[in-house]
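Visitor: Quick one, structure for this:
(6 chains)
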6 protein chains.
Amino acid sequence: MKNNDKLTTALDLPAVDPLPEDTQKYFDLCAEKLGLVPNVLYAHAFDIEKLNAFTGLYNEIMLAPSGLSKLDREMIAVVVSAENRCFYCLVAHGQAVRALSGDPVLGEMLVMNYRVAPLEPKQRAMLDFSLKMTKSSASIEEIDRQTLRDIGYSDRDIWDIANTAAFFNMTNRVASATQMEPNAEYHSQNR
Amino acid sequence: MKNNDKLTTALDLPAVDPLPEDTQKYFDLCAEKLGLVPNVLYAHAFDIEKLNAFTGLYNEIMLAPSGLSKLDREMIAVVVSAENRCFYCLVAHGQAVRALSGDPVLGEMLVMNYRVAPLEPKQRAMLDFSLKMTKSSASIEEIDRQTLRDIGYSDRDIWDIANTAAFFNMTNRVASATQMEPNAEYHSQNR
Amino acid sequence: MKNNDKLTTALDLPAVDPLPEDTQKYFDLCAEKLGLVPNVLYAHAFDIEKLNAFTGLYNEIMLAPSGLSKLDREMIAVVVSAENRCFYCLVAHGQAVRALSGDPVLGEMLVMNYRVAPLEPKQRAMLDFSLKMTKSSASIEEIDRQTLRDIGYSDRDIWDIANTAAFFNMTNRVASATQMEPNAEYHSQNR
Amino acid sequence: MKNNDKLTTALDLPAVDPLPEDTQKYFDLCAEKLGLVPNVLYAHAFDIEKLNAFTGLYNEIMLAPSGLSKLDREMIAVVVSAENRCFYCLVAHGQAVRALSGDPVLGEMLVMNYRVAPLEPKQRAMLDFSLKMTKSSASIEEIDRQTLRDIGYSDRDIWDIANTAAFFNMTNRVASATQMEPNAEYHSQNR
Amino acid sequence: MKNNDKLTTALDLPAVDPLPEDTQKYFDLCAEKLGLVPNVLYAHAFDIEKLNAFTGLYNEIMLAPSGLSKLDREMIAVVVSAENRCFYCLVAHGQAVRALSGDPVLGEMLVMNYRVAPLEPKQRAMLDFSLKMTKSSASIEEIDRQTLRDIGYSDRDIWDIANTAAFFNMTNRVASATQMEPNAEYHSQNR
Amino acid sequence: MKNNDKLTTALDLPAVDPLPEDTQKYFDLCAEKLGLVPNVLYAHAFDIEKLNAFTGLYNEIMLAPSGLSKLDREMIAVVVSAENRCFYCLVAHGQAVRALSGDPVLGEMLVMNYRVAPLEPKQRAMLDFSLKMTKSSASIEEIDRQTLRDIGYSDRDIWDIANTAAFFNMTNRVASATQMEPNAEYHSQNR
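Guide: You can find the predicted model right below:
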């Protein structure tokens, strides 16, 4: 199949074909490490500048060194996506939580109602802050940041929590607005 | 003043000092073209990788070629920020609307209640879509995209509307979660 | 394990032990047909009158002859439970949708955001009515019922849709209020 | 008038006629004790199995032995029905509160805004829990149950509060979805 | 009882005592015509200027010549007060609807859920506009006014509808914020 | 221009022409003291009785002696109007806050998100109460009034806070329902 035969959103924006060499290498690396090329990458690949800008921020948020573990960040992704009811992100990041935690029930709890999950208080505070940012960011005040500091987060950690929660408030909306379709492989993995 | 004396959020994350040469040049360019260095750049400058990832996406969304004019994109920024009641973004992008439109009342209308603004139907549809994405993105369906197509937007334009509206749903939340303070100069400009 | 060692909610209300003969037979029948005894039955079994009253209505709603198929009823269960974010019911009835439809992705779509599911218009109308009942039942008027009639439902079907959607608005609330825990077996089934 | 001449909802589902002997006896008993046969019974009487399943659960919830008084249960019914703005249930159970309490103003307070009623703290806690279950059941956590225990409720009482509040979240929705009409006699009683 | 012994709100603001002659005459007139002096008048009577300003606007809104009948205006009062769940106004104006319409069930329907009331389309449109003004006034646009014109209201009528609905959005909030207590006599009248 | 050539709302209700002598004097006084005649006065001037009733209450609320300063009252006006997103009132009273406080940034903060404003705790409590009255007046209870007393407000002050917040919940709705247009002069003043 050619790249431009594959549409992963409801918009008629096929990937450039062939992909530039660097992009193709990046996609091949994804396929090798993840077993698939996430559809969100195909969705952006109609314009390589846009793809690179998106992956640049994505990688900085999700993969760069941080006081938050990769699982922490994936948990934020799922809780934010659950509030926004984003199908793409719940499927993709729900799978990531199952994979990173080795706990398929935890993944389901975060997708359905994170309040039932048996979390450490520190993780729960991180997710409560992320949810408040999602539902009513304008009501966040110093007391909310101080609650995070009091339970052990640094100001740098708070930056990372805030930017991760905010990032998925962006991607959830792009995915829902364009009806982005997640890779079918996620559904059955790590169950 | 040294860069690291200037905190533009409630988090204790001073800019690296001195800034790397490329970053300093970019800030100098902002100062020259805008008359100020937007505080959002100082807020990210504690980590130059994060700054670059943010500006990479920002510039792609707001400045890259698009079927949407720069004013269109700033109008989306203000309407999304109004719904989210983000002080930083309303101040900064409200000024941008006043400057680009030459219509200070239009800027105020978008900040306060865009429904009172005398907009072209095409712009109104763009802003209605952006608001729906902001308030209830999960309820967007094909009919919403088709409404945009019917009034004259291409699928590529819809991508750009969606990504612009989504981007400010991210930045609004970072700004509110960290209490980012806008540059004081914006308030009196283009009134 | 004795029955009264098993608590399936956060309330200290163990099942009567031993169970009455009829109840034990019913539980054994569940185990045989479903491969498990649903925890909701243990939750009620501290009082056999309450258990019987609950199962009496449950069976009438979900199993009695109806113009709605069993899958239709399970789809209503999942969409209502998704709106109410009920962990127990999403797990149990999400599995039922996967099993009855043979379509694991459909189950996930209904759990996460039913609007992305490729449904027949008649099913979609049924679920839209169920969601409106869940979110704002007082705003239902004749036009909503007529919409169902126009797409092919009889008045008897409308009764069944209404009572199924209403029933899960009850059970969702009991499950969430008591922190009812779904059987672990559901999670990996029919993926 | 024959039974099947009497429609008490907007659906064309007349009662079976004649009613089975047991059903007729039950209706006669209602007429004798209450002075009327509640229309909700006629609404279900198109299918005697459904009528029996409904009355089985209704009687278990509202009439079975419990740590909650009958007035307590009727108060929950009214507060839940007020939140859901269910005309049928507010009329019928508002009358029950007036009758059981001998306090017509209390009935009106619960219908209109229970927060203005001069309640015992224990009753107020019961109604606050019922309202939270009605508005946002997924946000109920152990602290909510513990609040009830701390003010004197047993775990069994909490089960009964939860099931009563949940039951009216079901019946409110059936009544509103079918436009069930309350018996006219209720309006003027116990004023 | 002296005037200043009577507190009709939770604030310690007794009426001036004795009342000025004109005020006393007005209260006597109320007592003669209504059979009671509405508690809202006592609530304001700690400051006769405030009382006069309030009654001045009240009388202009509710009693002045208008294309809306007095019953129309009382119906708006009840529907707005129902949305705001204002105990004082629902009791007082619910009684007024019962008295003016001679239809006690209509009064209850408007208190509980006006959508179930069998209203003329013109009245229904008036109440729908009043409700939209109450819930989301910023979303009212020309199409909403045109809907009223199309069903037979003049621009002057629209002014009166808007001002009546707005007035009760004021009084509801004063009554709820001060816990204003309605005269007990209302409850049993016109049942 | 004649008075009746000037329409300041979307309703075709021109001012009486010529204005009665007293009204003309009042308008002239406004023009002299404020530099303009507020459009809200023209909007009412189709009926001088209505105009007088409105200004009677307006002046009592905003100008009469009170424990609240004029700036306090204007701050309430802006915070209430921001919640209701009323263009007219945000423009007019936002200007008043800028003028009375001499702090243009404060005016913008109250328009956009009052939580970011560096307020005295007493003022913040006043605004929090006003917002709660605006969003959910039925949930106000004695504890809310006591919070105001504890921070230094008298019962008379609470009356004034409540009536000011309630008044703008009225005027916001009239302005939005009629699309009242603010005087253009406000926009650039006190920036």
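Visitor: Quick check: the residue most central in space within chain A vs E:L57, distance?
Guide: Nearest to the mean C-alpha position of chain A, by C-alpha atoms, centre = their mean, lies A:A77 at 4.5 Å. In this view, A:A77 and E:L57 are 53 Å apart by C-beta to C-beta, to the nearest Å. C-betas here are computed from N, CA, C, even on glycine.
Visitor: try A:L51
Guide: In terms of C-beta to C-beta, A:L51 sits 61 Å off from E:L57.
Visitor: count of residues packed around the nearest residue to A:P182 once chain neighbours are set aside?
Guide: In this structure, A:P182 finds its nearest non-sequential neighbour in A:V91, 3.9 Å apart by C-beta to C-beta, 6 or more residues apart in numbering or on different chains. Counted by other C-beta atoms under 10 Å in any protein chain shown, the residues lying close to A:V91 total 24.
Visitor: give the contact list for A:V91.
Guide: A:P182, A:Y186, A:H187, C:E108, C:M112 (C-beta atoms under 8 Å, 6 or more residues apart in numbering or on different chains).
Visitor: so the last one touches A:Y88, yeah?
Guide: To tie it back to what came earlier, the one meant is C:M112. No - using C-beta atoms under 8 Å, C:M112 is not in contact with A:Y88, being 9.2 Å away.
Visitor: Show me chain A divided up by domain.
Guide: For chain A, automatic domain parsing gives the domain ranges A:21-63, A:70-188.
Visitor: The residue in chain A positioned nearest to chain E: neighbour count?
Guide: Using C-beta to the nearest C-beta, A:A138 is the residue of chain A that sits closest to chain E, at 16.1 Å. Summarising burial for A:A138: neighbours were counted as other C-beta under 10 Å, giving 21.
Visitor: repeat for A:A53
Guide: Using other C-beta under 10 Å, A:A53 is surrounded by 23 other residues.
Visitor: State the distance from the nearest residue to it once chain neighbours are set aside to chain C.
Guide: Nearest residue to A:A53, sequence neighbours excluded (C-beta to C-beta, 6+ apart): B:E60, at 4.0 Å. According to C-beta to the nearest C-beta, to the nearest Å, B:E60 stands 27 Å off from chain C.
Visitor: same thing with A:K135?
Guide: A:K135 sits 13 Å away from chain C, going by C-beta to the nearest C-beta.
Visitor: what about that residue, how many neighbours?
Guide: For A:K135, using other C-beta under 10 Å, the count is 11.
Visitor: who touches it in this structure?
Guide: By C-beta under 8 Å, 6+ apart, the neighbours of A:K135 are A:E83.
Visitor: element containing it, please.
Guide: For A:K135, the host element (DSSP states H and E) is helix A:121-136.
Visitor: For that helix, C-alpha coordinates in PDB please.
Guide: The C-alpha atoms that make up helix A:121-136 are tabulated as PDB, following Å, rounded to 0.1, in the frame of the first residue of the first chain:
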ATOM      1  CA  PRO A 121      -1.500   9.600  47.000                       C
ATOM      2  CA  LYS A 122       1.200  11.300  45.000                       C
ATOM      3  CA  GLN A 123       0.000   9.900  41.700                       C
ATOM      4  CA  ARG A 124      -3.600  10.600  42.700                       C
ATOM      5  CA  ALA A 125      -2.700  14.300  43.300                       C
ATOM      6  CA  MET A 126      -1.000  14.500  39.900                       C
ATOM      7  CA  LEU A 127      -4.100  13.100  38.200                       C
ATOM      8  CA  ASP A 128      -6.500  15.300  40.200                       C
ATOM      9  CA  PHE A 129      -4.500  18.400  39.100                       C
ATOM     10  CA  SER A 130      -4.500  17.100  35.500                       C
ATOM     11  CA  LEU A 131      -8.300  16.700  35.600                       C
ATOM     12  CA  LYS A 132      -8.800  20.100  37.100                       C
ATOM     13  CA  MET A 133      -6.700  21.600  34.300                       C
ATOM     14  CA  THR A 134      -8.900  19.800  31.900                       C
ATOM     15  CA  LYS A 135     -12.300  20.700  33.300                       C
ATOM     16  CA  SER A 136     -11.700  24.200  34.600                       C
END
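Visitor: Centre of the chain to that helix, how far?
Guide: Its chain's C-alpha centre and that of helix A:121-136 lie 15 Å apart, by C-alpha atoms, centre = their mean, to the nearest Å.
Visitor: and if you look at stretch A:91-102?
Guide: 10 Å.
Visitor: do the same with stretch A:71-91
Guide: Centre-to-centre, stretch A:71-91 and its host chain are 6 Å apart (C-alpha atoms, centre = their mean).
Visitor: For chain A, just list every one of the helices.
Guide: Along chain A, counting by DSSP state H, helices occupy A:21-34, A:39-44, A:48-62, A:70-84, A:87-101, A:104-112, A:121-136, A:142-150, A:155-178.
Visitor: got those as JSON lines, with mean pLDDT columns?
Guide: Compiled in JSON lines, those are given as follows (pLDDT from 0 to 100):
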{"stretch": "helix A:21-34", "mean pLDDT": "96"}
{"stretch": "helix A:39-44", "mean pLDDT": "98"}
{"stretch": "helix A:48-62", "mean pLDDT": "98"}
{"stretch": "helix A:70-84", "mean pLDDT": "98"}
{"stretch": "helix A:87-101", "mean pLDDT": "98"}
{"stretch": "helix A:104-112", "mean pLDDT": "98"}
{"stretch": "helix A:121-136", "mean pLDDT": "98"}
{"stretch": "helix A:142-150", "mean pLDDT": "98"}
{"stretch": "helix A:155-178", "mean pLDDT": "98"}
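Visitor: between those, which gets nearest to F:P38?
Guide: F:P38 sits nearest to helix A:121-136 of all these, at 33.4 Å, using C-beta to C-beta.
Visitor: near chain F, which residues of chain A show up?
Guide: A:A138, A:S139, A:E141 (C-beta under 8 Å from any C-beta of the partner chain).
Visitor: The last one: what's its closest spatial neighbour, skipping adjacent residues?
Guide: Going back to what we said before, that points to A:E141. F:R115 (5.9 Å).
Visitor: how about the residue in chain A that chain D sits nearest to, what does it touch?
Guide: Of all residues in chain A, the one sitting closest to chain D is A:N113 (5.0 Å; C-beta to the nearest C-beta). Applying C-beta under 8 Å, 6+ apart, we find A:N113 in contact with A:A82, C:R85, C:C86, C:F87, C:S176, D:A138.
Visitor: Where does chain A get nearest to chain F, which residue?
Guide: Nearest residue of chain A to chain F (C-beta to the nearest C-beta) works out as A:A138 at 4.9 Å.
Visitor: out of the domains of chain A, deepest packed?
Guide: domain A:70-188 (a mean of 21; mean count of other C-beta atoms under 10 Å in any protein chain shown).
Visitor: and that domain, how far apart are its ends?
Guide: Domain A:70-188 has its terminal residues 21 Å apart, counting by C-alpha to C-alpha, to the nearest Å.
Visitor: what does chain A have sitting close to chain D?
Guide: Applying C-beta under 8 Å from any C-beta, one finds that chain A approaches chain D through A:N113, A:R115.
Visitor: Can you give me the separation between the closest residue to A:S130 other than its chain neighbours and A:R115?
Guide: Of all residues not flanking A:S130 in the chain, A:A165 sits nearest, at 3.8 Å (C-beta to C-beta, 6+ apart). Look at A:A165 and A:R115: by C-beta to C-beta, they are 17 Å apart.
Visitor: repeat for A:L100
Guide: From A:L100 across to A:R115, the span is 21 Å (C-beta to C-beta).
Visitor: got it, and A:R73?
Guide: For A:R73, the distance to A:R115 (C-beta to C-beta) stands at 20 Å.
Visitor: cool, and A:Q24?
Guide: Counting by C-beta to C-beta, the gap from A:Q24 to A:R115 is 43 Å.
Visitor: can you tell me the distance between the two ends of stretch A:181-190?
Guide: So stretch A:181-190: terminal residues 20 Å apart, C-alpha to C-alpha.
Visitor: and for that stretch, what are the contacting residues?
Guide: A:8-9, A:35-39, A:87-88, A:91-92, A:94-95, A:98-99, A:102, A:104, A:107, C:104-105, C:108, C:191.
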